[in-house]
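Trainee: Just a sequence and a predicted model for now, questions to come.
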Amino acid sequence: MTAFTDENVPGRFGASATTEADPRRVGTVRTEYSPAHDGDPDPGEIVWTWVPFEENDGRGKDRPVLVVAREATGTLLAVQLSSKRHDDDREWVAIGSGPWDRSGRDSWVDVDRVLRLHEAGMRREACALDRGRFNLVRRRLAERYGWS
């Protein structure tokens, strides 16, 4: 098993760094549910990558994200997960618990913040989200950004 330090976490630096994408400027986005447990990130899967804090000051953390679409350039669009409760916030979609959280805590997906991910910038595949919960996220993204 590879030990990751703060300096070599996949997705943190260089060409494979996870970045924030402007969801209204990414062009046509077709979300899809196509998980394939093969070690590569696929739409519908929760993977781990470095996610910069919203302040964009160089800080961030390794966290789970839900891959929602593959871009023509080979990059992926994803939304971050949090175990912090967001019951009253429309920008967050409740998806419950799953194997991505070892403590079994409920999770929420932030549809207000879209991330661009590179295959080389993920640490590991956690699991595939079931189609029903994926569709909850997909519908909210379609409402918010007009994605199909």
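Mentor: Received, thanks. Numbering: from 1, shown residues only.

Trainee: So what are the sheet partners of the helix or strand of the chain with the lowest mean pLDDT and their directions?
Mentor: The weakest-scoring helix or strand in the chain, judged by mean pLDDT, DSSP states H and E, is strand 122-128 (a mean of 77). Note on strand 122-128: by DSSP bridges, its sheet partners are strand 45-52 (antiparallel).

Trainee: The strand it pairs with - what's its average pLDDT?
Mentor: Regarding strand 45-52, the rounded mean pLDDT is 89.

Trainee: Tell me which helix or strand comes right after that strand.
Mentor: Toward the C-terminal end, the helix or strand that comes next after strand 45-52 (DSSP states H and E) is strand 60-70.

Trainee: ok, now how distant is the residue sitting nearest the centre point of the chain from residue 116?
Mentor: Most central in the chain under Cα atoms, centre = their mean is residue 65, positioned 2.6 Å from the mean C-alpha point. Separation of residue 65 from residue 116 (Cβ to Cβ, to the nearest Å): 11 Å. Heads up, the C-betas are built off the backbone N, CA and C, glycines and all.

Trainee: what residues do those two have in common as contacts?
Mentor: 18, 78 (Cβ atoms under 8 Å, 6 or more residues apart in numbering).

Trainee: Show residues contacting the least confident helix or strand of the chain.
Mentor: Taking Cβ under 8 Å, 6+ apart as the rule, strand 122-128 contacts 4, 9-11, 35, 37, 39-42, 44-49, 62, 64, 98-100.

Trainee: could you give the angle of that strand to strand 60-70?
Mentor: Angular relation of strand 122-128 and strand 60-70 on a 0 to 180 degree scale: 60 degrees, by axes from the mean of the first three to the mean of the last three Cα atoms, to 10 degrees.

Trainee: all strands for the protein, in order.
Mentor: Taking DSSP state E, the strands of the chain run over residues 19-21, 45-52, 60-70, 76-82, 92-96, 107-117, 122-128.
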